[in-house]
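Peer 1: return a 3D structure for these sequence lines:
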Amino acid sequence: MMLTIHAITAFDDNYIWFIQAENSTGVLIVDPGDAAPAIEAIKKLKLDPVAILITHGCHDHVDGIAELLSHYELPVYGPSNEFIPHLSHALTQGDTFTISDEFPEINVLDIPGHTRGHIGFVIEDKLFCGDTLFAAGCGRTHGGQPEVLFTSLEKIANLPEQTQIYCAHEYTAANLRFAETVEPNNSHIQQRIIDTKSLRQQAKPTIPFSLALELKTNPFLRCGEVEVVKAAEQQLGERVNSKAATFRTLRAWKDRF
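Peer 2: Residues are numbered from 1 along each chain as shown. Purely as a prediction, here's the structure:
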């Protein structure tokens, strides 16, 4: 089943994702933090909203729900372990559901760490991961345990490498500056910096991206690589004894970067 994905920009750097069904005007709306650009895009593209999918409860992902529901009668799917306004279908790890015959089955991943109940949606070969994983980066832990976020990223890393990842923010250029600092000799990072600059100069999104590319360029998915470990140890001033410890050091470093 072919799907068309539309990137709807919101705020300074958010993406609201529209998942349009094949040969149909039906569309799923992912993380509408702001209703105005979503409604404008619905009208411009002549689409018919079918449902809202929410990855987590941060305001820039949920604040548009109420206004959308005042215009359209829609179910709201989201994590069972967080407060989501107007939630009608609570989801957790292992849940699978089909919204209508227009759309393929959707699988749910528990990927907490950025927030306590964060989930992701896997639709065919596409992962909508909110703020857990970014291009060349990952979300902050908001006071939680870095090890929880590390485990979620390992879960994503084990998906098929052809998986196309749709995260919720255009942070790629800034994340690559950090990645280059961690791994200055990584040629894949150098090429991605060039590619990202070109896309942004054309006002094009750097998202989606493949998991295969992330595994080559995202330091948070490369915590077992020698150069990444050495960079973490330099920052920490002592040896790190696990991938999780490397991740914890990188995340604290990035917070200060």
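
Peer 1: so where's the stretch 51-200 of the chain shaky on pLDDT?
Peer 2: Per-residue confidence for the stretch 51-200 of the chain (pLDDT under 70) gives these ranges: 143.

Peer 1: break down it into its helices, ranges please.
Peer 2: Along the stretch 51-200 of the chain, the segments classed as helices by DSSP state H, counting those that start in this stretch run 59-62, 65-71, 146-157, 172-182, 187-201.

Peer 1: quick one: closest of those to Lys126.
Peer 2: Between Lys126 and those, the shortest gap by CB to CB is with helix 146-157, which sits at 12.6 Å. For the C-beta atoms, the positions are set from N, CA and C on the backbone; glycine is no exception.

Peer 1: dump the helices of the stretch 51-200 of the chain into TSV; add mean neighbour count as well.
Peer 2: Rendered in TSV, the data for the helices of the stretch 51-200 of the chain read as follows (neighbours: other CB atoms under 10 Å):
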stretch	mean neighbour count
helix 59-62	20
helix 65-71	15
helix 146-157	19
helix 172-182	20
helix 187-201	15
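
Peer 1: wait, which of those helices is closest to Gly139?
Peer 2: When these are compared for distance to Gly139 using CB to CB, the nearest one is helix 146-157, at 6.9 Å.

Peer 1: which residues does the closest one contact?
Peer 2: Contacts to helix 146-157, defined as CB atoms under 8 Å, 6 or more residues apart in numbering, come from residues 109-114, 118, 120, 127, 129, 132-133, 138-139, 141, 165, 211, 214-215, 220-221, 223, 243-244, 247-248, 251-252.

Peer 1: now that helix - C-alpha only, PDB.
Peer 2: Extracted as PDB, the C-alpha positions of helix 146-157 are listed here (Å, rounded to 0.1, in the frame of the first residue of the first chain):
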ATOM      1  CA  PRO A 146      19.400   8.300  30.400                       C
ATOM      2  CA  GLU A 147      19.500   4.500  30.500                       C
ATOM      3  CA  VAL A 148      15.800   4.400  29.600                       C
ATOM      4  CA  LEU A 149      16.300   6.500  26.500                       C
ATOM      5  CA  PHE A 150      19.400   4.400  25.600                       C
ATOM      6  CA  THR A 151      17.300   1.300  25.700                       C
ATOM      7  CA  SER A 152      14.700   2.900  23.400                       C
ATOM      8  CA  LEU A 153      17.300   4.000  20.900                       C
ATOM      9  CA  GLU A 154      18.700   0.400  20.900                       C
ATOM     10  CA  LYS A 155      15.200  -0.800  20.100                       C
ATOM     11  CA  ILE A 156      15.000   1.600  17.100                       C
ATOM     12  CA  ALA A 157      18.600   0.600  16.000                       C
END
